[in-house]
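Q: what would the 3D arrangement of this be:
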Amino acid sequence: MFKDELIAETCRLFHVHPRDLVGDYRFDFLMPARFALAKALRLRGWTYPQIGRELGRDHSTIIYRVREAEYRMGKDPSYAEKIHHLATYTIERPEAMEMPQAEAA
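A: The predicted structure follows:
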């Protein structure tokens with residue numbers, strides 16, 4: 001699934017382990033990667049609830065992460081480049097790039 005590929009690429013760019021990136025750890029060194037992943041998914045057109053569901057977080061947490069990423073992008077061009085890379089990152093299997101479907105009400 002594309003989400004897993006994007007998580008792996010985020011981990012590579014930020015030098016963190018996937019289980020730490022999506023886990024419950026609250027260490028400061030994980031936050032830039034978490035913010036970047038949320039922002040990259042948002043730039044790809046995912047909704048806040050879709051991102052939250054896929055990452056096991058509430059949509060309000062995702063809103064916070066996206067805002068923090070935007071703030072950091074304004075202060076750090078290299079951080080902005082990493083997010084741009086994630087937002088435009090492609091993999092070889094097109095079917096893996098699909099967004100998750102919204103759940104039927």
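
Q: which stretches in the chain count as helices?
A: Remark: helices assigned in the chain by DSSP state H are 2-14, 18-22, 31-43, 48-55, 59-75, 77-88.

Q: most tightly packed of those?
A: Among the helices of the chain, the stretch with the highest mean neighbour count (mean count of other CB atoms under 10 Å) is helix 31-43, at a mean of 23. (Glycine included, C-beta is placed from N, CA and C.)

Q: that one packs against which elements?
A: Packed against helix 31-43 by the contact rule (3 or more CB pairs under 8 Å, 6 or more residues apart in numbering; DSSP states H and E) you find helix 2-14, helix 18-22, helix 48-55, helix 59-75, helix 77-88.

Q: dump those into CSV; add distance to Ala38 and mean pLDDT as well.
A: Conversion of the helices and strands packed on helix 31-43 to CSV gives the following (distance: least, CB to CB, whole Å; pLDDT from 0 to 100):
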stretch, distance to Ala38, mean pLDDT
helix 2-14, 10, 93
helix 18-22, 11, 94
helix 48-55, 6, 95
helix 59-75, 4, 97
helix 77-88, 10, 96
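
Q: right, and these - which one's nearest Leu30?
A: Taking CB to CB, helix 18-22 is the member of the helices and strands packed on helix 31-43 nearest to Leu30, at 5.7 Å.

Q: contact partners for the most centrally placed residue in the chain?
A: Computing the C-alpha centroid of the chain and ranking residues by CA atoms, centre = their mean puts Leu37 first, at 1.7 Å. If you count contacts by CB atoms under 8 Å, 6 or more residues apart in numbering, Leu37 has them with Leu6, Ile7, Thr10, Leu21, Leu55, Arg65, Leu86.
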